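> following is a predicted model, sequence given first.
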Amino acid sequence: MSTYAIALIWTLSNIACHLIAHQRQIRITPARAMLAAVLGPLTLPAVALLGPARSSGK
């Protein structure tokens with residue numbers, strides 16, 4: 001049963017990471033998605049520290 005709890009926490013943290021990145025307009029590359037899948041809950045602080053994408057000046 002504890003395995004399911006860990007998998008649920010991992011999945012919810014990846015969903016939260018994706019939503020935060022989308023809201024802050026951070027481009028989600030395949031490498032970042034794989035990193036989020038491997039590191040799980042540890043990616044939440046990383047996404048929080050990343051700034052929004054820079055605009056092209058227009």
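Sure, I can see it.
> so the nearest residue to Ile28 once chain neighbours are set aside, which state does it fall into?
Closest residue to Ile28 apart from its sequence neighbours, by Cβ to Cβ, 6 or more residues apart in numbering: Ala21 at 5.6 Å. All C-beta atoms are positioned from the backbone trio N, CA, C, and that covers glycine. At Ala21 the chain is in helix, as set by DSSP: H, G, I helix; E, B strand; the rest coil.
> for Gln25, same thing?
Classified using three-state DSSP, Gln25 is coil.
> distance of Leu44 from Ala21?
Leu44 sits at a distance of 10 Å from Ala21 (criterion: Cβ to Cβ, to the nearest Å).
> more neighbours, the two?
A count of neighbours by other Cβ atoms under 10 Å puts Ala21 above the other of Leu44 and Ala21, at 22 against 16.
> my guess is the more buried one contacts Thr29, does it?
No: at 10.3 Å, Ala21 does not count as touching Thr29 under the criterion of Cβ atoms under 8 Å.
> just to revisit the earlier point, let me know the pLDDT of the residue nearest to Ile28.
Note on Ala21: pLDDT of 83.
> run through the residues that contact it.
Each residue near Ala21 by Cβ atoms under 8 Å, 6 or more residues apart in numbering is listed here: 28, 32, 47, 50.
> are any of these buried, and which?
32, 47 (16 or more other Cβ atoms under 10 Å).
> can you get me a residue count around Cys17?
Using other Cβ under 10 Å, the number of residues around Cys17 comes to 27.
> cool, Ala36 as well?
Counted with other Cβ under 10 Å, Ala36 comes out at 23.
> again, but for Gln25
Gln25 has 11 nearby residues by other Cβ under 10 Å.
> and the contacts of the least confident helix or strand in the chain by mean pLDDT?
When the helices and strands of the chain are scored by mean pLDDT, DSSP states H and E, helix 43-49 comes last with a mean of 78. Applying Cβ under 8 Å, 6+ apart, the contact partners of helix 43-49 are 13-14, 16-17, 20-21, 24, 26, 35-36, 39.
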